[in-house]
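**Q** I need the structure of the sequence given here:
(chains A and B)
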Amino acid sequence: MAITSPERRIWWNEPVERVELIWAGVALLWGLFMFFFMIAWHFIGGQNLSNEAYRVVPDAYVQKVEDFAQKYQVREDSGTPVAKPPAGVDVYLLGRLWQWWPVLELEKGQSYRLHLSAADWQHGFSLQPTNINIQVHPGYEHIITLTPTEAGEFGIICNEFCGIGHHTMTGKIIVVDKQGAK
Amino acid sequence: MSTTFDGMVSTIRDKTTTFRVCQYTGLKVDVAAQRLIIANAVAAVVFLAVGGVMGLMVALTRWPAVHLLPAEWFYLILTAHGGNVLLFWIIFFEIAVLYFASAVLLNCRLAAPKLGWLAFLLMVAGGIAYNVAVFQGESTVMFTSYPPMMAKPLFYISLIVFAVGALIGVGLFFATLAVARAEGTYEGSIPLVTFGALTAAIIAVFTLVTGAIILVPTFLWSVGLIREIDPLMYKLVWWAMGHSSQQINVSAHVAIWYAIGALVLGAKPLSEKVSRTAFFLYILFLQLASAHHLMAEPGISSEWKIVNTSYMMYLAVLGSMIHGLTVPGSIEAAQRRNGFNKGVFEWLRKAPWGNPAFAGMFLSLVMFGFIGGISGVVLGTEQLNLLMHNTLYVPGHFHGTVVAGTTLAFMAGTYLVLPLIFQREIVWPKLAKLQPYLFGAGAAGISMFMMGAGTLGAPRRHWDINFTDAVISFQHSPGVFLMMALNGISAILAALGGAIFVLVVVGTALFGRKIGPGHRLTFPLHAGARTVAKYGSEGTVKLPGTIVLVSIFFLAFVLYYFVNWKYLSDLWLFR
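**A** Residues are numbered from 1 along each chain as shown, chains lettered A, B, ... in the order given. Have a look, this model is predicted:
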C-alpha cells in the first residue's frame, strides 16, 4: 500500500504498465505542444505583450504625461482632459491614486506606441469590456504598440489593489473610425 | 560531519519514548508525535474557521445586491482572509501531515518533540500577530503586500515568525526520517505517502527560505532602514514563496489522496516507480511557477516568461497529469480486487461514497484536476494571461486548487485523523457524510463563478463593481452581476459545509466516544489496512474506467485551452 514501504526493495526496476506509459507520453507531448505554441504565437499571433520597458523616475513620467495631454487636448470629459494624438505617435497614460489619466481618443485600425507607468503605487490596467490586462509599476515605463480593432467607448478600470479608493479608479479610451473612412 | 550527526541521534535515543500500537493499522504510534499532530490539526481548524468566516464576508460584499461590508472593512477582512486560510490553516495542517508521514508511517519516534512544540508556539504567535497587525488597521495591503504600499512592521514580523516556526517543523520531519533510517524502523525505501510528504518538505524549505529573503528586507524597509524596495524584484521573489507554497499543498494533498486510497480501499500504487517519478518532477520544476504572477509585467523578457511559466516545458504539469491517472487507477485496481469488477464503472458506483474520507478525497481529485488544474495552465500561458491577469479569474482558479483541491483533501484526511490519532469516534456521522458534498459544491461554485466573472472582466480585490464614486463612470455587463450573485450563493454553501466540518471536528475532539480495543469504526477502514503485509506495486491490471476518466479530462483540457486562444485572437492588436 501507499502507506507502507515498497514490497520489492529494487522497485525502480519493476516494469511499468502500458496504460501508464501511454498516458505519460500523451501528457508529455501535450506539454511540449503548449510550450511551443506560446513561442509560435509570437510569430503567428496578433496579441503579444511588448518586452520594451525602461526605468523611469515617477515624477519625470508624470511630467511627460502632462506635456502630452496639454499638447493634444481637444476637450474635457468629466473634468478630465481628452487627448487626441495623431496616428502613429507616442501616447502616454498615467495610473495614479485614483484615476487613469488622461482620456485618450484613438482611431480604429491605427497603431500607437502606448506608454504605461504609475505615479505612486502599482495599478492594474484593465481595458473593458475588451479585457486586456497589464500590470503597471511605478518606476517602470512599459511601451506597447496598440492597435484598436473596434470603435466605441472603452473603460479602463484598475484591477490591482491600490488603497481605499481603488474601486473608484477608472479611465477611458474612445476609439473613433478612421477619418474619411465612412 | 557524519560523526556529529550520529552523536546527535544517539543522545536523543537515550530518552524514553512511549508508543502505542494502532489496532486498525498495526502501526506503532509515538504518543509525543500524536500530541503534536493533534495540536497542529486543532490550530489548523481554528484558523480555517476564522478565515472561512472572513471569506464568506468577502463573498457577500462582492455580491452587489448584498454588499455586506463598508469599503475599509472589506479590504481589511480580505487581507486577513488570505493569511488565515492560505497560510495558517494549510501550513498547520501540513506540519501535522509531515509528523504523521514520518513518525507514524515509519513506526518511529519523533526526533525531538520539544522542538515540535517550539515550532508550534512560534507558528501560533505568528498567526495571532498577523491578525492583530491587520486588525489594528494601517496594514491593509492584501496578503501579497506589494510595495511601494507599506504595512506596519508587525505585519512582516508576524509572517517571519510564523515561517521560522514552520521551518523548524519541517526540519523535525527531516530529522525524524534520519532517526528512522538510523534506527532501522522500516525496511527498504520510505512509503509512497512519506515520499510525497518529503517532496512537500523539500519544496517547503525552498519556499520558507525565499520568504525570509524577501520579507526580512521588506520589514527593514518598513522600519526605515532600507530606502526602497523595487516593486518588480519584490514580486519575483515574493512569488517564489507565494506560489511555491501552493506547490507544498499540491504535494501534500496528493500524498493524502494516496493515503486515503490505501487506508479506506486498500489501494496500492499502480507502480511505485511512476508515482515517485511524478513527485520527483515536482521537486525539480514546480518552483519555477513564480513566473505565473509576472506574465503581465513590464521589464521581463518573453523568453524568461515562457520557460518559467511552463515549469520548463510543462514537466511539473506532467507530474500532476500522471497522478491524475495513477490515483484513480490505483483505486479502480483496488476496487476490482475488492470484487466490484462488473462493467466499466461498478468500482466507482459502489465506492464508499458514504464515507466522508473517501467522498472528500475523490471530489478533491476530480475538482483539482478539472477546475484548478486546467484553469491554472490556461492562466499561466504567457499570452492568455493577459485575458485574465488580476481579474476575478485568478481567485477563481486558486479557489479551485486550494479550496476544492487542497482544503477538501485535508478535510477528508481529518476524517481519518479523528479516529486514528485523536482516537475518538466521529460525532454526528450523518452530518459528516453530507459535509464533503456540501463543501465541494460550494467550492466548485465559487471557483467557477469567479472564473466566469473574470472572463467577463470583473476585477479581483474590488469593493464596488458598480463604480459608484468614480469620476469617469463605467458599467460592467449584466453577466458579471449574475456571476457575483451565484458566487455569493456558492460561498454560503461552502461556509455551511465548512461550519459542519468545524462542528464535527470540535464535537469529536470534545465529546466523541473514546475508542477502546475492539471498537468498530463508523467509517471503517479497509481490512487490508489492519496488516502491513500486503504492499508493493499493483502489478498487471485493467483500468477501463480510469482510461475513460482521463480521456474526458484530456478532451476538456484541450478544448478549454483552444477556446481561450480564440478569445485572445479577438482582442485588439498589441505587440
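**Q** So which residues of chain B form strands?
**A** Secondary structure of chain B (DSSP state E): strands at B:19-21, B:28-30, B:573-574.
**Q** The shortest one - contacts with which helices or strands?
**A** Just to be clear, that refers to strand B:573-574. Where contact means 3 or more CB pairs under 8 Å, 6 or more residues apart in numbering or on different chains; DSSP states H and E, strand B:573-574 is packed against strand A:140-147. Every C-beta, even on glycine, is put in place using the N, C-alpha and C of the backbone.
**Q** which residues sit against the helix or strand following the strand it packs on?
**A** Next helix or strand after strand A:140-147 toward the C-terminus (DSSP states H and E): strand A:152-158. If you take CB atoms under 8 Å, 6 or more residues apart in numbering or on different chains as the criterion, strand A:152-158 is touched by A:93, A:95, A:98, A:100, A:123-130, A:166, A:169-175, B:457, B:459, B:467, B:472, B:474-475.
**Q** Now, these that are in strands?
**A** Those of the contacts of strand A:152-158 lying in strands (DSSP E): A:93, A:95, A:100, A:123-128, A:170-175.
**Q** from chain A, which residue is nearest to chain B?
**A** Of all residues in chain A, residue A:7 sits closest to chain B, at 2.3 Å by CB to the nearest CB.
**Q** what about that residue, how many neighbours?
**A** 17 (other CB atoms under 10 Å in any protein chain shown).
**Q** What's the biggest helix in chain A, counting residues?
**A** Identified as the longest helix of chain A according to DSSP state H is helix A:18-44.
**Q** Could you check that helix and say which residues are buried?
**A** Buried residues in helix A:18-44, defined by neighbour count with 16 or more other CB atoms under 10 Å in any protein chain shown: A:19-20, A:23-24, A:26-28, A:30-31, A:34-35, A:37-38, A:41.
**Q** Spatially nearest residue to residue A:52, not counting backbone neighbours?
**A** Of all residues not flanking residue A:52 in the chain, residue A:143 sits nearest, at 4.5 Å (CB to CB, 6 or more residues apart in numbering or on different chains).
**Q** Touching, that neighbour and residue A:117? I think so.
**A** No. Using CB atoms under 8 Å, residue A:143 is not in contact with residue A:117, being 9.7 Å away.
**Q** neighbour count winner among those two?
**A** residue A:117 (28 against 19).
**Q** does the more buried one really touch residue A:135, like I thought?
**A** No. If you go by CB under 8 Å, residue A:117 and residue A:135 don't touch, sitting 11.1 Å apart.
**Q** The residue of chain A closest to chain B: what secondary structure?
**A** The three-state label given to residue A:7 by DSSP: H, G, I helix; E, B strand; the rest coil is coil.
**Q** chain center to the longest helix of chain A: distance?
**A** Relative to the centre of its chain, helix A:18-44 is centred 26 Å away, using CA atoms, centre = their mean, to the nearest Å.
**Q** I would like the residues contacting the helix or strand following that helix, please.
**A** Using DSSP H and E, the helix or strand that follows helix A:18-44 in sequence is strand A:53-55. Under the contact criterion CB under 8 Å, 6+ apart, strand A:53-55 has outside partners A:139-143, B:298-299.
**Q** May I have the strands that pair with strand A:53-55, each with its orientation?
**A** Partner strands and pairing direction for strand A:53-55 (DSSP bridges) are strand A:140-147 (antiparallel).
**Q** chain center to the partner strand: distance?
**A** Put simply, strand A:140-147 sits 9 Å off its chain's centre (CA atoms, centre = their mean).
**Q** Please apply the same query to stretch B:39-54.
**A** On CA atoms, centre = their mean, the centre of stretch B:39-54 falls 14 Å from that of its chain.
**Q** Show me the residue at the heart of chain A, geometrically.
**A** For chain A, the residue nearest the mean C-alpha position is residue A:134 (2.7 Å; CA atoms, centre = their mean).
**Q** mind showing which ranges of chain A have poor pLDDT?
**A** Residues of chain A meeting the criterion pLDDT under 70: A:1, A:180-182.
**Q** Show the contacting residues for the residue nearest to residue B:373 when sequence neighbours are not counted.
**A** Excluding the flanking residues, the one nearest residue B:373 by CB to CB, 6+ apart is residue B:320, at 6.2 Å. By CB under 8 Å, 6+ apart, the contact set of residue B:320 is B:250, B:254, B:278, B:369, B:373.
**Q** Who wins on neighbours among those?
**A** Across the contacts of residue B:320, the neighbour count under other CB under 10 Å reaches its highest value at residue B:254, namely 31 neighbours.
**Q** returning to what we had before: is the residue nearest to the centre of chain A in a helix, a strand, or coil?
**A** Three-state assignment for residue A:134 (three-state DSSP): strand.
**Q** Quick check: bridge partners of the residue lying closest to it once chain neighbours are set aside?
**A** Counting by CB to CB, 6+ apart, residue A:134 lies nearest to residue A:125, which is 4.5 Å off, once chain neighbours are set aside. With DSSP bridges as the criterion, residue A:125 is bridged to residue A:134, residue A:158.
**Q** how about residue A:125, what does it touch?
**A** A:93, A:95, A:100, A:116, A:132-136, A:156, A:158 are the contacts of residue A:125 under CB under 8 Å, 6+ apart.
**Q** Filter these down to the buried ones.
**A** Buried among the contacts of residue A:125 (16+ other CB under 10 Å): A:93, A:95, A:100, A:116, A:132-136, A:156, A:158.
**Q** Closest to residue B:104 out of those residues?
**A** Here the nearest of the buried ones among the contacts of residue A:125 to residue B:104, counting by CB to CB, is residue A:135; it sits at 44.8 Å.
**Q** can you tell me how far that closest one sits from residue B:246?
**A** Distance of residue A:135 to residue B:246, given as CB to CB, to the nearest Å: 20 Å.
**Q** and residue 90, how many neighbours?
**A** You didn't pick a chain, so chain A it is. By the criterion of other CB under 10 Å, residue A:90 has 12 neighbours.
**Q** actually chain B
**A** 25.
**Q** So the closest residue to it other than its chain neighbours versus residue B:361, what's the distance?
**A** Closest residue to residue B:90 apart from its sequence neighbours, by CB to CB, 6+ apart: residue B:249 at 5.8 Å. Residue B:249 sits 15 Å away from residue B:361, going by CB to CB.
**Q** More neighbours: those two, which one.
**A** Using other CB under 10 Å as the criterion, residue B:249 and residue B:361 rank with residue B:361 on top: 30 against 24.
**Q** wait, doesn't that one sit right on residue B:263?
**A** No. Residue B:361 is not in contact with residue B:263 according to CB under 8 Å; the separation is 10.1 Å.
**Q** which regions of chain B sit below the pLDDT cut-off?
**A** For chain B, applying pLDDT under 70 flags the ranges B:1-15, B:528-541.
**Q** need the contact list for the closest residue to residue B:164 other than its chain neighbours.
**A** Spatial nearest neighbour of residue B:164, chain neighbours left out: residue B:122 (5.7 Å); criterion: CB to CB, 6+ apart. Taking CB under 8 Å, 6+ apart as the criterion, residue B:122 is in contact with B:161-162, B:164-165, B:168.
**Q** Just put those in a markdown table and tack on neighbour count.
**A** Formatted as a markdown table, those follow (neighbours: other CB atoms under 10 Å in any protein chain shown):
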| residue | neighbour count |
| --- | --- |
| B:161 | 20 |
| B:162 | 26 |
| B:164 | 18 |
| B:165 | 24 |
| B:168 | 21 |
